[in-house]
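In: One predicted model, sequence on top.
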Amino acid sequence: MNQAQIALYNEVLKIRPLPGALLDIGCGDTSFIQNLARALPLAQVTGLDIALPKRAVAPSVSFVAGDAAKLPFTSESFDVISSCMSMHHWGDKRAGLAEAHRALTLGGWLLIADPLKKGWLENRVLGWTVERLDGGRFIGHGELASTLNELGFEGVSVELIPKSLGSLSLIKARKP
């Protein structure tokens, strides 16, 4: 696992009681959710991504094709919603975060690992590079925290992930 996945994995395993239903938005190659499924054998683990996975998924993991801005789940379906290195690809971040809030159970956790913009120069270099490579767009720490608070999350925290890119952050927020 990479540093972002390790940080998210450790945060999920700290939650008590252990989550019974977990959604990973932007699950990509599915390695992260397969590791979670092994660690949480009683949990329902679901991965969501625009494209179907290119490798086999463990039997205890379900997969749904979809978009963060229009989650195909009923309200209050998940105890934890995670996203690892995919939020900068979301076309409408506010809609994706609002959907996460809707799909979380009361007391549920939103956990995101993604680079956040910090200084002017880093924003310009990082933003330009990512936009050219894959069309992604990074959000700033203040804008993200403000959006999460406006959407009704509480306990919003943002911290740098050790031993990673200088802007790779772990974002935690709870639905009251």
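Out: Right, received. Where do you want to start? Numbers count the residues shown, from 1 in each chain.

In: Quick one: the strands in this protein, in order.
Out: Along the chain, counting by DSSP state E, strands occupy 21-25, 44-49, 61-65, 78-84, 104-115, 154-160, 168-174.

In: Among those, which one carries the weakest average confidence?
Out: In terms of mean pLDDT, the lowest-scoring of the strands of the chain is strand 61-65 (a mean of 90).

In: May I see the buried residues of that strand?
Out: 61, 63 (16 or more other CB atoms under 10 Å). Backbone N, C-alpha and C define where each C-beta goes, glycine included.

In: I15: neighbouring residues, count only.
Out: By the criterion of other CB atoms under 10 Å, I15 has 17 neighbours.

In: does it really touch F78, like I thought?
Out: No - applying CB atoms under 8 Å, one finds I15 not in contact with F78, separated by 11.9 Å.

In: hmm, back to that, would you list the strands of the chain in a markdown table and tack on distance to F138?
Out: Shown next, in a markdown table, are the strands of the chain (distance: least, CB to CB, whole Å):
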| stretch | distance to F138 |
| --- | --- |
| strand 21-25 | 17 |
| strand 44-49 | 20 |
| strand 61-65 | 25 |
| strand 78-84 | 14 |
| strand 104-115 | 6 |
| strand 154-160 | 13 |
| strand 168-174 | 10 |
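
In: Figure out which of the ones you listed is closest to A4.
Out: Closest to A4 of the strands of the chain, according to CB to CB: strand 104-115, at 3.8 Å.

In: CA atoms of the closest one as CSV?
Out: What follows is strand 104-115, C-alpha atoms only, in CSV (Å, rounded to 0.1, in the frame of the first residue of the first chain):
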residue,chain,number,x,y,z
LEU,A,104,-23.3,8.4,5.7
THR,A,105,-25.0,7.1,8.8
LEU,A,106,-25.4,9.4,11.8
GLY,A,107,-22.1,9.5,13.5
GLY,A,108,-20.4,8.2,10.3
TRP,A,109,-16.9,9.2,9.1
LEU,A,110,-15.7,10.8,5.9
LEU,A,111,-12.0,10.0,5.4
ILE,A,112,-10.1,11.4,2.4
ALA,A,113,-6.4,11.3,1.4
ASP,A,114,-5.7,13.7,-1.4
PRO,A,115,-3.2,16.5,-2.1
